[in-house]
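Undergrad: The following comprises the amino acid sequence and a computationally predicted model.
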Amino acid sequence: AQSVTQPDARVTVSEGASLQLRCKYSYFGTPYLFWYVQYPRQGLQLLLKYYPGDPVVQGVNGFEAEFSKSNSSFHLRKASVHWSDWAVYFCAVSMNTGGLSGKLTFGEGTQVTVIS
Amino acid sequence: EAGVTQSPRYAVLQEGQAVSFWCDPISGHDTLYWYQQPRDQGPQLLVYFRDEAVIDNSQLPSDRFSAVRPKGTNSTLKIQSAKQGDTATYLCASSIQANTEVFFGKGTRLTVV
């Protein structure tokens, strides 16, 4: 069965510093991968998505992620963190064999705290 | 364009009580999803619809949970005889034909005491 693991439950980063959030997936077939962000008392918002192709994908607000089939990973990065990036970040994989689907399996999430 | 709308935003009830959550998807979106998100966990799919038809409800606890989308637009998720373990945020989401970006509502935060 498909699964997503986010090994870091909490990450604290200084404003202006770089950020990397880790995501490992287990999926039989071609994965379609997503990163979502959840601000306090808000719904999930899509940051970026990976469809088979270029392994580095660009998202909103300066985020990017890199897909690695050999490592079964889809790590999220940002070069310079802003205080507004304080949120919970979820990695997800699509469960449909067709790939593009709202049937998503989510990781447990990583709480990002930004300090000055 | 209005997003996915959910109501109520919060609900508190005692064990054994029933509760209903309502979702209004984005206009024109034929696919609607209900997810359950326990505190400090990722969302887990409960059920999803294509128009008025249930496509997958395999993760819906059928003895106490039910979901309907009678006209293929709005949807209601109901919990009969709630348990403390049902405490979670219930997220509704919608998309077009299950193959594009999925848009989430702000959720209903349920506390069962």
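TA: Thanks, I have the structure now.
Undergrad: Contacts only, for the closest residue to chain A within chain B.
TA: Per C-beta to the nearest C-beta, the residue of chain B with the smallest distance to chain A is B:G42, at 3.2 Å. Backbone N, C-alpha and C define where each C-beta goes, glycine included. Shown in contact with B:G42 (C-beta atoms under 8 Å, 6 or more residues apart in numbering or on different chains): A:V4, A:F90, A:A92, A:F106, A:G107, A:E108, A:G109.
Undergrad: Now the closest residue in space to it that isn't next to it in sequence. Its backbone dihedrals?
TA: Ranked by C-beta to C-beta, 6 or more residues apart in numbering or on different chains and with sequence neighbours excluded, the top spatial neighbour of B:G42 is A:F106, at 3.2 Å. Main-chain dihedrals, A:F106, degrees, to the nearest 10: phi -100, psi 150.
Undergrad: Pretty sure A:F106 sits against A:V88.
TA: No: with contact defined as C-beta atoms under 8 Å, A:F106 does not count as touching A:V88 (10.8 Å).
Undergrad: got the residues of chain B near chain A?
TA: B:3-4, B:31, B:33, B:40-45, B:48, B:56, B:91, B:93-95, B:98-102, B:104-107 (C-beta under 8 Å from any C-beta of the partner chain).
Undergrad: pretty sure A:V4 contacts A:G109?
TA: No: applying C-beta under 8 Å, one finds A:V4 not in contact with A:G109, separated by 10.1 Å.
Undergrad: All the strands of the chain, residue numbers only.
TA: Here I'm looking at chain A. Here chain A has its strands, by DSSP state E, at A:3-5, A:10-14, A:19-21, A:24-26, A:33-38, A:44-50, A:56-58, A:63-68, A:73-78, A:87-94, A:104-106, A:110-115.
Undergrad: Let me rephrase: I mean chain B.
TA: For chain B, the strands defined by DSSP E cover B:5-7, B:10-13, B:19-24, B:31-37, B:44-50, B:53-56, B:65-68, B:75-79, B:88-95, B:103-104, B:108-112.
Undergrad: List the residue ranges of the chain that fall below the pLDDT cut-off.
TA: Let's take chain A. A:95-102 (pLDDT under 70).
Undergrad: if you could check chain B rather than the one you did, that'd help
TA: Checking chain B against pLDDT under 70 turns up B:1, B:98-100.
Undergrad: make it 80
TA: Low-confidence segments of chain B (pLDDT under 80): B:1-2, B:62, B:97-100.
Undergrad: what residue lies at the spatial centre of chain A?
TA: Closest residue to the average C-alpha location of chain A: A:W35 at 3.2 Å, with C-alpha atoms, centre = their mean.
Undergrad: If we ignore the residues flanking it in sequence, what's nearest the residue most central in space within chain B?
TA: What sits nearest the mean C-alpha location of chain B, by C-alpha atoms, centre = their mean, is B:W34, with 3.3 Å. Setting aside the residues directly before and after it, B:W34 is nearest to B:L46 in space (C-beta to C-beta, 6+ apart), at 4.6 Å.
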